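> sequence and predicted model, in that order:
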There are 2 protein chains.
Amino acid sequence: MTELIGLVAACLTTISFLPQAVMVLRSGETSGISLTMYAMFTVGVAGWLIFGLLQSSLPIILANAVTLVLAAIILSMKVRAVLKNRPRALPATL
Amino acid sequence: MTELIGLVAACLTTISFLPQAVMVLRSGETSGISLTMYAMFTVGVAGWLIFGLLQSSLPIILANAVTLVLAAIILSMKVRAVLKNRPRALPATL
């Protein structure tokens, strides 16, 4: 029973990033998304993946590999939007 | 070394939701945030918390208790925005 709860929880927290990634990819809308959150989260999930590899734990490796891909998609879309909206060093008219 | 990586990863993925929660509370802006993601994620983290309690694992309990509070704040702000923007059953002029 405890294992089943852990398994369902792992599936939910892992797959939950899929609708957010799809939403960001479809709409390109990232204004409500925190850059700090996804920067910290992506590094953290990469850390979990390394931890899983060092411990040879397949569930930790699998869950975090999937989450890492989804979090990296969201982060890269946010970074792209931030860079796009940055004031340029030289105005386009120059 | 492996434990240290796991500890740093746990801190990062847990605390990462703080800037997102602060951002949502300050701006009230939730349009870029996926309701499906936070609904699934909050239930998943609650599952992890139950798993931690059943396993009497303090690190799992602590990390997921903090994440649950932050994710629930983000989810409740999103739900509030969705309900607010819903067309009403009766127009205000009636």
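That came in fine, so what should we check first?

> which phi and psi does residue A:66 have?
For residue A:66, the backbone dihedrals (degrees, to the nearest 10) come out as phi -60, psi -50.

> oops, could you answer that again for residue A:86 instead?
phi -70, psi 140.

> how close does it get to chain B?
18 Å (CB to the nearest CB, to the nearest Å). (Glycine included, C-beta is placed from N, CA and C.)

> and that residue, how many neighbours?
Number of residues near residue A:86 (other CB atoms under 10 Å in any protein chain shown) recorded here: 8.

> can you tell me which residues contact it?
Applying CB atoms under 8 Å, 6 or more residues apart in numbering or on different chains to residue A:86 gives no contacts.

> now residue A:5, what's its secondary structure?
Classification of residue A:5 using DSSP: H, G, I helix; E, B strand; the rest coil returns helix.

> and for residue A:33?
Per three-state DSSP, residue A:33 ends up coil.

> got it, and residue A:72?
What three-state DSSP gives for residue A:72 is helix.

> quick one: contacts for it?
Applying CB under 8 Å, 6+ apart, we find residue A:72 in contact with residue A:42.

> how close does it get to residue A:65?
11 Å (CB to CB, to the nearest Å).

> can you check residue A:82 too?
Residue A:82 is 26 Å from residue A:65, by CB to CB.

> settle it for me: which of those two has more neighbours?
The neighbour count for residue A:82 versus residue A:65, taken as other CB under 10 Å, is higher for residue A:65 (16 against 11).
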